[in-house]
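*Asks:* need a structure here:
(one chain, ligands or ions: 1)
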Amino acid sequence: MTEVFWGPDFAALQQRDPEIADVVLGELDRLRGGLQLIASENFTSPAVLAALGSTLSNKYAEGYPGRRYYGGCQQVDRAEEIGISRAKELFAVDGADIHANLQPHSGASANLAAYAALLKPGDTVLAMSLPHGGHLTHGAKVSFSGKWFTPVPYTVHADSELIDYDQVRDLALEHRPQMIIAGATAYPRLIDFARFREIADEVGAWLMVDAAHFIGLVAGGAIPSPVPYADVVTFTTHKVLRGPRGGMIVCRPELAQRIDKAVFPFLQGGPLMHAVAAKAVALQECLDPTYRDYARQVVVNAQTLAEGLAAEGMRPVSGGTDTHLVLADLQGLGVTGADAEVRCDAARITLNKNAIPYDPQPPMTASGIRVGTPAVTTQGMTATDMKDIASLIGRAVRDTDGSAVEEVGEAVAALVARHPAYARQG
Ligand code: DSN
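*Replies:* So this is what the prediction gives:
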């Protein structure tokens, strides 16, 4: 077997660049020493990290397997072919044929590629409003999606805080969008993809599902798949899916060429082949039956966390969650999302402030927090731990003078010590 000359002990990095080695180890300490509750983060496996840190990073491979603009692509072709075939196995529903593209560098790139494949500049896109849980690339004025296209935002219902499907239909009939997007970054509930398909068909629009947040739950069979309903499904690979940082697209086979050409050469040059290989590793991990248990536990944990936060006076938006994330309204405690984020951070609890629907505060202040269970579930935490976490968040958020920081921080340290992330070997 070929001898691998780099090791997992960072010896080469420490010798060559102690400053950056210190950053890498410092980040590992941060991950191990606190609670990681950012809903869009997770802990990738050592196998994924090994593929990421490999010499595949050196290879130029513009094009697709068997059709490259460079020689020497035999091995990277294998990586991409294996990854594509795993993606099809994982995401095809009832044996239906699908196409997969593993090259997008990120979720935003995947979304831009979907726009480029299906639309022309100026076309109208109906998508969820950013302050109601949508994404920058769903029509925000500061993004390509708002500058080069004509966005029409839909919202959640003021009472139920659920997507207002009647409003989506009304807006679709009024504006006749060329594309409708389902999917969000801060929406805790299941999305009715069949309803979106119906509305898209009624007005002759493409249906794109941005599944970045929940595709891992789909992969693990914990929630229904958008694949049978959407023309194109875009997603990131690093959230619940637990792969490397990056993007991916799954689409109907008829759209394969349009999607592939939009990713390369329209939008990107050389693919990141180390990342493509790492995506293939993550997809294989998702095909393992244990991943289904993981995905189910992520949801159970989020539901328990939502109940615990409610008991602490932090109202779960929409009354709870069906997924991996909870959006909690802190107005009842008189604490802003920004203050809560800072107070939790001081006590080693990492989460983010987040706008809630119809938020009276500006986004950098926000009235809510968003928490997710992908990372803590990877650490092996269960519902009992979620109750403790809710109580620790409650104490940190209410800690106006910093007097509880030490005690909460110590309780967090004790909790993560029982469920170590990236546990030391031996
Ligand atoms: N920024 C990501 C999130 O945290 O949800 C979405 O791209």
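*Asks:* Distance-wise, check E174 relative to Q74.
*Replies:* Counting by C-beta to C-beta, to the nearest Å, the separation of E174 from Q74 is 54 Å. (Glycine included, C-beta is placed from N, CA and C.)
*Asks:* and if you look at T185?
*Replies:* Distance from T185 to Q74, by C-beta to C-beta: 39 Å.
*Asks:* ok, now which ones touch whichever residue of the stretch 151-300 of the chain sits closest to the ligand?
*Replies:* Nearest residue of the stretch 151-300 of the chain to the ligand: T185, at 3.7 Å (C-beta to the nearest ligand atom). Residues in contact with T185 (C-beta atoms under 8 Å, 6 or more residues apart in numbering) are S40, G133, G134, H135, A212, H213.
*Asks:* ok, so of those, who is nearest E89?
*Replies:* A212 (20.5 Å; C-beta to C-beta).
*Asks:* And for that closest one, the neighbour number?
*Replies:* 29 (other C-beta atoms under 10 Å).
*Asks:* right, and it touches S106 too?
*Replies:* No - contact criterion C-beta atoms under 8 Å: A212 and S106 do not qualify, at 9.6 Å.
*Asks:* Give the residues shared as contacts by these two.
*Replies:* With C-beta under 8 Å, 6+ apart as the test, A212 and S106 both reach T236.
*Asks:* Name the residues of the stretch 101-250 of the chain found near the ligand, please.
*Replies:* Neighbours of the ligand within the stretch 101-250 of the chain, by C-beta under 6 Å from any ligand atom: G107, H135, T185.
*Asks:* Serialize the residues you listed to JSON lines and add fields for pLDDT and secondary structure.
*Replies:* Listed next are those as JSON lines, based on pLDDT from 0 to 100; DSSP: H, G, I helix; E, B strand; the rest coil:
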{"residue": "G107", "pLDDT": "98", "secondary structure": "helix"}
{"residue": "H135", "pLDDT": "97", "secondary structure": "coil"}
{"residue": "T185", "pLDDT": "97", "secondary structure": "coil"}
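*Asks:* Taking the contacts of T185, tell me the two that lie furthest apart.
*Replies:* S40 and G134 (14.2 Å).
*Asks:* what sits against the closest residue to V263 other than its chain neighbours?
*Replies:* In this structure, V263 finds its nearest non-sequential neighbour in A113, 4.6 Å apart by C-beta to C-beta, 6 or more residues apart in numbering. Going by C-beta under 8 Å, 6+ apart, A113 touches N101, P104, T234, I249, I259, A262, V263, F266, L267.
*Asks:* And those, which is closest to R424?
*Replies:* Closest to R424, out of all of the contacts of A113 and judged by C-beta to C-beta, is P104, at 34.3 Å.
*Asks:* Can you give me the pLDDT of the closest one?
*Replies:* Note for P104: predicted pLDDT of 98.
*Asks:* One more: R424?
*Replies:* 72.
*Asks:* Ok, T44 next?
*Replies:* T44 is given a pLDDT of 96.
*Asks:* now do A11
*Replies:* At A11, pLDDT is 84.
*Asks:* Repeat that for P224.
*Replies:* Looking at P224, its pLDDT stands at 98.
*Asks:* one step back: may I see the residues of the stretch 101-250 of the chain next to the ligand organised as JSON lines, with distance to G26 added?
*Replies:* Below are these laid out as JSON lines (distance: C-beta to C-beta, whole Å):
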{"residue": "G107", "distance to G26": "27"}
{"residue": "H135", "distance to G26": "30"}
{"residue": "T185", "distance to G26": "28"}
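*Asks:* Which residue ranges of the stretch 201-350 of the chain form strands?
*Replies:* 206-210, 232-236, 247-251, 315-316, 325-329, 349-350 (DSSP state E, counting those that start in this stretch).
*Asks:* So, low pLDDT: which residues of this protein?
*Replies:* Across the chain, residues meeting the criterion (pLDDT under 70) sit at 1-9, 425-426.
*Asks:* report the longest helix in it, please.
*Replies:* Determined from DSSP state H, the single longest helix within the chain is helix 289-311.
*Asks:* Pull out the buried positions in that one.
*Replies:* Buried residues in helix 289-311, defined by neighbour count with 16 or more other C-beta atoms under 10 Å: 291, 294-299, 301-310.
*Asks:* again with stretch 71-80
*Replies:* Going by 16+ other C-beta under 10 Å, stretch 71-80 has these buried residues: C73, V76, D77, A79, E80.
*Asks:* Between which two of the residues you listed is the distance greatest?
*Replies:* Among the buried residues of stretch 71-80, C73 and A79 lie farthest apart (C-beta to C-beta), at 9.8 Å.
*Asks:* picking up where we left off before, take the strands of the stretch 201-350 of the chain and lay them out in JSON lines including mean neighbour count and distance to D97.
*Replies:* JSON lines is the format used below for the strands of the stretch 201-350 of the chain (neighbours: other C-beta atoms under 10 Å; distance: least, C-beta to C-beta, whole Å):
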{"stretch": "strand 206-210", "mean neighbour count": "26", "distance to D97": "18"}
{"stretch": "strand 232-236", "mean neighbour count": "29", "distance to D97": "14"}
{"stretch": "strand 247-251", "mean neighbour count": "27", "distance to D97": "11"}
{"stretch": "strand 315-316", "mean neighbour count": "21", "distance to D97": "39"}
{"stretch": "strand 325-329", "mean neighbour count": "29", "distance to D97": "32"}
{"stretch": "strand 349-350", "mean neighbour count": "20", "distance to D97": "41"}
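*Asks:* is it possible to export these to CSV including distance to A383?
*Replies:* Formatted as CSV, the strands of the stretch 201-350 of the chain follow (distance: least, C-beta to C-beta, whole Å):
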stretch, distance to A383
strand 206-210, 29
strand 232-236, 27
strand 247-251, 31
strand 315-316, 16
strand 325-329, 14
strand 349-350, 18
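*Asks:* In contact with the closest residue to P131 other than its chain neighbours: list those residues for me.
*Replies:* Sequence neighbours aside, A355 is the residue nearest to P131 in space, at 5.0 Å (criterion: C-beta to C-beta, 6+ apart). By C-beta under 8 Å, 6+ apart, A355 lies in contact with P131, A186, G337, Q361, P363, A366, S367, G368.
*Asks:* Apply 7 Å and report the result again.
*Replies:* Contact partners of A355, counting by C-beta atoms under 7 Å, 6 or more residues apart in numbering, are P131, P363, A366, G368.
*Asks:* Reformat these as a markdown table; add neighbour count and secondary structure.
*Replies:* Below are these laid out as a markdown table (neighbours: other C-beta atoms under 10 Å; DSSP: H, G, I helix; E, B strand; the rest coil):
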| residue | neighbour count | secondary structure |
| --- | --- | --- |
| P131 | 20 | helix |
| P363 | 13 | coil |
| A366 | 23 | coil |
| G368 | 26 | strand |
